[in-house]
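>>> Using only what follows, build the 3D model:
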Amino acid sequence: MVSRVGGVVSDDFRKQLLGYGLTTAQILYRMPDHPSLLQTYVWQNYDLFPKFPALQDFLSFWQQKLEGPLFSVTVAHSKLVKPAELRAVDGVFRLH
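All right, here's what the predicted structure looks like:
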């Protein structure tokens, strides 16, 4: 994450405030010259749940421009900025 000087927030932090979350995709694909072998590629970026437009764009690029056919894609997503989880306490506890 790149931070700018002078109190201006980074683009990554701005995306988080707009609802983007950190998305990680494990992509298994077949080797072009050895189709019986699988290779792993890990992709990570800020993206919107549940449609993942950035990941969809990347996978579209992969299928159009790269030779290794996709085998499977496993996605993990986490919103890093979310509302605080608070609950009311019904009483006062004192320890001596």
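>>> rest of the way, CA atoms for contacts and neighbours
Will do.
>>> Any idea what the closest residue to Lys79 other than its chain neighbours is bridged to?
In this structure, Lys79 finds its nearest non-sequential neighbour in Gly21, 4.1 Å apart by CA to CA, 6 or more residues apart in numbering. Beta-bridge pairing for Gly21 (DSSP bridges): Asp47.
>>> Contacts only, for Gly21.
Neighbour list for Gly21: Lys15, Tyr46, Asp47, Leu48, Phe49, His77, Ser78, Lys79, Leu80, Val81 [criterion: CA atoms under 8 Å, 6 or more residues apart in numbering].
>>> for the residues you listed, which one is nearest Arg30?
Ranked by distance to Arg30 (CA to CA), the contacts of Gly21 are led by His77 at 24.5 Å.
>>> I figured the closest one hits Thr24, correct?
Yes: applying CA atoms under 8 Å as the test, His77 and Thr24 come out as touching, 6.4 Å apart.
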